[in-house]
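K.L.:
Give me the fold of what follows.
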Amino acid sequence: MTLAELKVLSDLNAKVWKIEVAVGDAVDAEATLIILESMKTEIPIDAPKAGTVKAILVGEGDAVEEGQAVAILDV
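P.N.:
The predicted model follows:
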């Protein structure tokens with residue numbers, strides 16, 4: 001079976017508050033991968049599908065833009 005890469009995107013301009021997973025972690029669909037902070041509100045970025053975390057493209061404290069890839073999953 002060949003795995004497909006799935007880019008996980010930010011929904012808004014914000015700051016990365018916390019990274020909840022590590023490369024190699026298996027995640028279920030809708031598992032929280034990263035928590036963003038915008039205007040003192042925490043916004044989770046969830047896995048759209050079950051898979052394995054291939055890469056985390058941001059670090060805690062980084063600013064991200066809407067539509068920016070923040071992680072890659074093998075699904």
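
K.L.:
All the strands of this structure, residue numbers only.
P.N.:
Assigned by DSSP state E, the strands in the chain fall at 5-9, 14-19, 26-27, 32-38, 41-46, 51-56, 63-64, 69-74.

K.L.:
Ile34 bridge partners, please.
P.N.:
Ile19, Ile45 (DSSP bridges).

K.L.:
pLDDT wise, what is the closest residue to Ala31 other than its chain neighbours at?
P.N.:
Closest residue to Ala31 apart from its sequence neighbours, by Cβ to Cβ, 6 or more residues apart in numbering: Ala47 at 4.9 Å. (C-beta placed from N, C-alpha, C; glycine too.) Looking at Ala47, its pLDDT is 98.

K.L.:
List the residues that contact Ala47.
P.N.:
Contact partners of Ala47, counting by Cβ atoms under 8 Å, 6 or more residues apart in numbering, are Val8, Val27, Asp28, Ala29, Glu30, Ala31, Leu33, Leu73.

K.L.:
any idea which of these has the most stuff around it?
P.N.:
Ranked by the number of neighbours (other Cβ atoms under 10 Å), these place Leu73 first, at 24 neighbours.

K.L.:
about what we covered before: tell me the one of the contacts of Ala47 nearest Ile43?
P.N.:
Leu33 (11.9 Å; Cβ to Cβ).

K.L.:
Surely the closest one is in contact with Ala22?
P.N.:
No. If you go by Cβ atoms under 8 Å, Leu33 and Ala22 don't touch, sitting 10.3 Å apart.

K.L.:
Which neighbours do those two have in common?
P.N.:
Joint contacts of Leu33 and Ala22 (Cβ under 8 Å, 6+ apart) are Val53.
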